[in-house]
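Chemist: next come a sequence and a model predicted from it.
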Amino acid sequence: MPYSAAVGVTQKRTPTGAAVLQADVTRAITEAVLDELAETGYGKLSMEAVARRAGVGKSALYRRWPSKQEMVMAVLAEFSLELATAPDSGTLRGDLLGILHSLREWLTHPRFSRILPDLAAEGVRNPEVAEAVRTAIGEPRRAVGATVLRRAVDRGELPADTDFEMALDLIAAPVYWRLSVRRAPAEPDYLDNLADVVLRALKGRPS
């Protein structure tokens with residue numbers, strides 16, 4: 001076992017054959033996955049193309065994920081959850097605005113705005129992909145939103161019997177429909193007006 005006189009400690013050698021996942025390689029692969037998805041779509045994306053774009057061997061991908069689907073879902077989940085927020089402004093309206101702004105940022109991201117329509121179409125053709133998207137991205141993001149609603153119930157701004165599933169649909173659906181389906185612009189006051197509409201629909205009482 002090697003010994004470092006400089007620090008006076010015994011250094012342990014990494015076991016032979018152990019996989020060491022370097023963070024910079026993982027970042028390169030992540031960026032390559034997002035670029036490939038935006039440019040070619042899920043159906044045409046291949047492990048070979050991702051490895052080539054990232055400048056690594058395919059083995060670097062398979063050390064991290066056992067399949068293309070798991071790789072894509074892991075990358076998109078990390079990206080999507082980083083942009084999911086559970087603001088705590090002290091009021092439901094303020095929290096709704098925070099959620100709506102993060103939704104707009106997510107849906108209008110230069111790469112993700114191109115990835116999402118393709119992924120939705122792929123989900124229609126492939127139920128397994130649809131379920132993977134729901135599990136890896138949809139459910140965790142909705143759990144973040146539910147945290148905000150739960151706080152509003154605790155503050156007395158929402159009734160205790162509020163239907164969280166319906167409320168979460170009501171918050172996200174208008175933004176998704178406008179930006180991703182209609183491809184219409186969101187005017188400067190759109191999110192503010194939407195927050196007021198959603199607040200009235202949920203029977204919230206601004207503090």
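Modeler: Okay, I see it. Residues are numbered from 1 along each chain as shown.

Chemist: would you map the strands across this protein?
Modeler: Taking DSSP state E, the strands of the chain run over residues 3-4, 9-10.

Chemist: could you pull out the helices in the chain for me?
Modeler: Ranges of helices in the chain, per DSSP state H, are 23-40, 47-54, 58-62, 68-82, 92-107, 112-125, 127-133, 139-154, 164-176, 190-201.

Chemist: what comes up buried for the first one?
Modeler: By that I understand helix 23-40. 25-26, 28-30, 32-34, 36-38 (16 or more other C-beta atoms under 10 Å). For the C-beta atoms, the positions are set from N, CA and C on the backbone; glycine is no exception.

Chemist: for the spatially most central residue of the chain, what are its contacts?
Modeler: Centroid check for the chain by C-alpha atoms, centre = their mean gives residue 80 as the closest residue, at 1.2 Å. With contact set as C-beta atoms under 8 Å, 6 or more residues apart in numbering, residue 80 has these partners: 106, 112, 137, 140-141.

Chemist: residue 149: how many residues sit nearby?
Modeler: When counting by other C-beta atoms under 10 Å, one arrives at 24 neighbours for residue 149.

Chemist: residues contacting residue 186?
Modeler: 104, 175, 178-179.

Chemist: of the residues you listed, just say which sits nearest to residue 162.
Modeler: When the contacts of residue 186 are compared for distance to residue 162 (C-beta to C-beta), residue 175 wins out at 19.9 Å.
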